[in-house]
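1. Here's my sequence, what's the structure:
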Amino acid sequence: MKLKIETLTADAFADFGQVIDTEICTNQFAINGGTTQRFHDLAEVETIGEARGGISIFRGDARQFPMQIEMLERHPKGSQAFMPLQQRPYLVVVAPALNDEEPDLSRLRLFYATGAQGVNYFTGTWHHPLLALEEVSDFLVVDRIGEGHNCDEFFFPEGSDIQIAAMSFEGV
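-> All right, here's what the predicted structure looks like:
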C-alpha cells in the first residue's frame, strides 16, 4: 500500500491531535507593551499519573524516499508535541487504534507539515517516529516526563508493504 500524502489541516488531523500553527490561531493578543504577539493555548499538554510536562529537543536525520513504513508508536500516558525549529517541512504518519493493543493499518494517514506547523499527538495516538525531509532537523518537543512505561511500539506483520513513495513534497 502506498500512502497518499495529505495537506496538514486542523480538521483533517482532529482525530489524532492538534495542529500548532499561528496562521489558524483564533486566540492571539499583544503582550509586553505591544512588542510581542502571543498565540495563546495552541495545544493541550496531557499527562497521566505522577508526571510533568517537559521540553526537549529532538534532532532527526533526513529520511530517504521511497521509504518502507514498518512500525508505529504511541504514548499511553501523555500527549507529545513537535514544533520544527528551523522552519523545515516534515511528514506525519498516524493511524487510529484498531483495538487496545494495535493500530488500524488499513486507516493509516500521511500528512505533509510545513516548517511553520507543529503537531500535538493526543495521548495514545499511534504515529510514526520523526520524519524529517530536507536535512538534519531540530524539533522542540513537549511531552510527559515521569516514571513508568510511556512508549508502546507496534511492528507491522511480516509481509506488510506500506511505503511512502519517492516524490516531490513541495506544493502539497
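2. Check what pLDDT the residue of the chain positioned farthest from its centre gets.
-> Distance from the C-alpha centroid of the chain peaks at residue 33, with 33.9 Å (C-alpha atoms, centre = their mean). pLDDT for residue 33: 94.
3. which residue is nearest the centroid of this structure?
-> Nearest to the chain centroid, counting by C-alpha atoms, centre = their mean: residue 119, 4.6 Å.
4. Wait, it touches residue 20, no?
-> Yes: look at residue 119 against residue 20 with C-beta atoms under 8 Å: they come within range, at 6.6 Å. Every C-beta, even on glycine, is put in place using the N, C-alpha and C of the backbone.
5. Spell out which residues are contacts of both of those two.
-> residue 81 (C-beta atoms under 8 Å, 6 or more residues apart in numbering).
6. Counting neighbours, what do you get for residue 12?
-> Neighbours of residue 12 under the rule other C-beta atoms under 10 Å: 13.
7. Tell me which helix or strand it sits in.
-> If you go by DSSP states H and E, residue 12 is part of helix 10-13.
8. Can you list the helices and strands that that helix packs against?
-> Under the contact definition 3 or more C-beta pairs under 8 Å, 6 or more residues apart in numbering; DSSP states H and E, helix 10-13 sits against strand 17-20, strand 109-113.
9. Can you show me the CA trace of that helix as PDB?
-> Below are the C-alpha coordinates for helix 10-13, written out as PDB (Å, rounded to 0.1, in the frame of the first residue of the first chain):
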ATOM      1  CA  ALA A  10      -6.700  21.200  11.800                       C
ATOM      2  CA  ASP A  11      -9.900  19.400  10.500                       C
ATOM      3  CA  ALA A  12      -8.000  16.600   8.800                       C
ATOM      4  CA  PHE A  13      -5.800  15.900  11.900                       C
END
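10. List the contacts of it.
-> Contacts for helix 10-13 (C-beta under 8 Å, 6+ apart): 6, 18, 19, 21, 24, 92, 94, 109, 111, 119.
11. need the residues you listed in JSON lines with distance to residue 153, can you?
-> Putting those into JSON lines (distance: C-beta to C-beta, whole Å) gives the following:
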{"residue": "6", "distance to residue 153": "24"}
{"residue": "18", "distance to residue 153": "23"}
{"residue": "19", "distance to residue 153": "25"}
{"residue": "21", "distance to residue 153": "29"}
{"residue": "24", "distance to residue 153": "32"}
{"residue": "92", "distance to residue 153": "17"}
{"residue": "94", "distance to residue 153": "15"}
{"residue": "109", "distance to residue 153": "19"}
{"residue": "111", "distance to residue 153": "21"}
{"residue": "119", "distance to residue 153": "19"}
